[in-house]
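Okay, predicted coordinates and the sequence, questions at the end:
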Amino acid sequence: MATVMLMHWPDVTPDQYDQVRERARWDTDVPDGAKLHVCGFTDDGMHILDVWESQQAFQNFFEERIQPAVQEVGMEGQPDVQFYPPHGVFVPALGMDSQQPAL
């Protein structure tokens, strides 16, 4: 079952995110189960919203590709990660509007 993943990682910078992305290559070697990724920054760090095929798919990706990249970059602390079941999806640019998404 699909899951929504919300992550807040305090004090992470856009430069660190870009370095991790370069090393983990999720945009050129899409991980199994990845459906959607959106990242943004505020004064308190990085915020990510993802949709994954399952919580396990995200955890596999995080352990196998993100954690090693994070260690190389030297990012500190741990993210606050929460999972939720999706309820509705509205993506007008993709023509998606559903009360019960088939993600």
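That came through fine. Numbering: from 1, shown residues only.

need the helices for this structure, in chain order.
14-24, 55-61, 67-73 (DSSP state H).

With just CA atoms, put the last one into PDB.
The C-alpha coordinates for helix 67-73 follow below in PDB (Å, rounded to 0.1, in the frame of the first residue of the first chain):
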ATOM      1  CA  GLN A  67      22.700   7.000   4.700                       C
ATOM      2  CA  PRO A  68      26.100   6.300   2.900                       C
ATOM      3  CA  ALA A  69      25.700   9.600   1.000                       C
ATOM      4  CA  VAL A  70      24.800  11.500   4.200                       C
ATOM      5  CA  GLN A  71      27.900  10.100   5.900                       C
ATOM      6  CA  GLU A  72      30.100  11.200   3.000                       C
ATOM      7  CA  VAL A  73      28.700  14.700   3.000                       C
END
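
mind checking how far it is from the chain centre?
Its chain's C-alpha centre and that of helix 67-73 lie 15 Å apart, by C-alpha atoms, centre = their mean, to the nearest Å.

Give me the mean pLDDT for it.
Helix 67-73 comes out with an average pLDDT of 96.

With that, I have no additional questions.
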